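Q: Okay, structure incoming, though there's no sequence with it:
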């Protein structure tokens, strides 16, 4: 479970509910925040846009997008450096065939596949081409998750604005004949719909999409490290040289700590 995501979700809920309590304590009511018409327009409209913009096979992956936002199981950069340094040292000391047992114990399928090809004696060009194709395919999968939340972020407020305009049209149309209660109800639809669209875009979809984008960048960098590490092991490089190659991907502060621990 990603602690930052959990803290962010909880803090956002607390802020919204806390603000609601402050308003209610000064003479408001919880019912003033509810509008069935606004819910139908904003959430129903946003869902329709997502279905129009994305193919069904991508929409079936929505639970995995949310899961990826809430948890992060990939190896961090320091862990990747340490893992590749250990594998390189073992290959140099005992021979690359000694990594056969290590391959079976790896949790990362990408690294497992690359090392297996190296142990099997595949050409370096074949290994690099295959692993880069995997990275490209992974990037495309990640784009789908980011696109899903970007669509909600883009069109949620748009449907909120549409509901607002509908409410205002009804309000203006009733100015001559409607009572205060009717005008107030129309205005409430207009304002609450804008609220729903704004919260949906800025408190839910926007942060989730940005987190997935950052995760994608981190994973691509991690996979590139693994690729370079596998090629270095395949070439029989000195473990120290492999270690230095891995450090090139790591921020300077972490680099210094890793060097001190080596």
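A: Received, thanks. Just so it is clear, the structure is predicted and the values come from calculations on it, not from any experiment.
Q: worst-scoring helix or strand of this protein, pLDDT-wise?
A: Confidence across the helices and strands of the chain bottoms out at helix 252-261, with a mean of 74, counting by mean pLDDT, DSSP states H and E.
Q: Flag every buried residue along that helix.
A: 255, 258 (16 or more other CB atoms under 10 Å). In this view, the C-beta of every residue, glycine as well, is placed from N, C-alpha and C.
Q: Could you do stretch 29-43 as well?
A: Neighbour counts using 16+ other CB under 10 Å place 33, 35, 37-38, 41-43 of stretch 29-43 among the buried residues.
Q: number of nearby residues for the closest residue in space to residue 250 that isn't next to it in sequence?
A: In space, and not counting its chain neighbours, residue 250 is closest to residue 77: 5.1 Å by CB to CB, 6 or more residues apart in numbering. For residue 77, the neighbour count with other CB atoms under 10 Å is 19.
Q: same thing with the one 3 residues further on?
A: Other residues near residue 80 come to 23 when the count uses other CB under 10 Å.
Q: does it really touch residue 223, like I thought?
A: No - judged on CB atoms under 8 Å, residue 80 makes no contact with residue 223 at a distance of 9.1 Å.
Q: Domains in the chain, by residue range?
A: According to automatic domain parsing, the chain comprises the domains 1-33, 35-261.
Q: In terms of helices and strands, where is residue 243?
A: Using DSSP states H and E, residue 243 falls within helix 239-247.
Q: State the distance from the residue nearest to residue 250 to residue 151.
A: 31 Å (CB to CB, to the nearest Å).
Q: What of residue 188?
A: Distance of residue 188 to residue 151, given as CB to CB: 27 Å.
Q: Centroid-nearest residue for the protein?
A: residue 212 (1.5 Å; CA atoms, centre = their mean).
Q: now that residue: how far from residue 167?
A: Residue 212 is 34 Å from residue 167, by CB to CB.
Q: which stretches of the stretch 101-250 of the chain form helices?
A: Counting by DSSP state H, counting those that start in this stretch, the stretch 101-250 of the chain has helices at residues 109-119, 124-173, 180-199, 206-234, 239-247.
Q: Can you lay out the ones you listed as JSON lines showing mean pLDDT?
A: Putting the helices of the stretch 101-250 of the chain into JSON lines (pLDDT from 0 to 100) gives the following:
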{"stretch": "helix 109-119", "mean pLDDT": "88"}
{"stretch": "helix 124-173", "mean pLDDT": "85"}
{"stretch": "helix 180-199", "mean pLDDT": "76"}
{"stretch": "helix 206-234", "mean pLDDT": "88"}
{"stretch": "helix 239-247", "mean pLDDT": "83"}
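Q: quick one: which of those helices is nearest residue 59?
A: For those, distance to residue 59 was read as CB to CB. The smallest value, 7.7 Å, belongs to helix 124-173.
Q: how much does the closest one deviate in direction from helix 109-119?
A: Helix 124-173 runs at 170 degrees relative to helix 109-119, counting by axes from the mean of the first three to the mean of the last three CA atoms, to 10 degrees.
Q: Since that was my last question, I'll sign off now.
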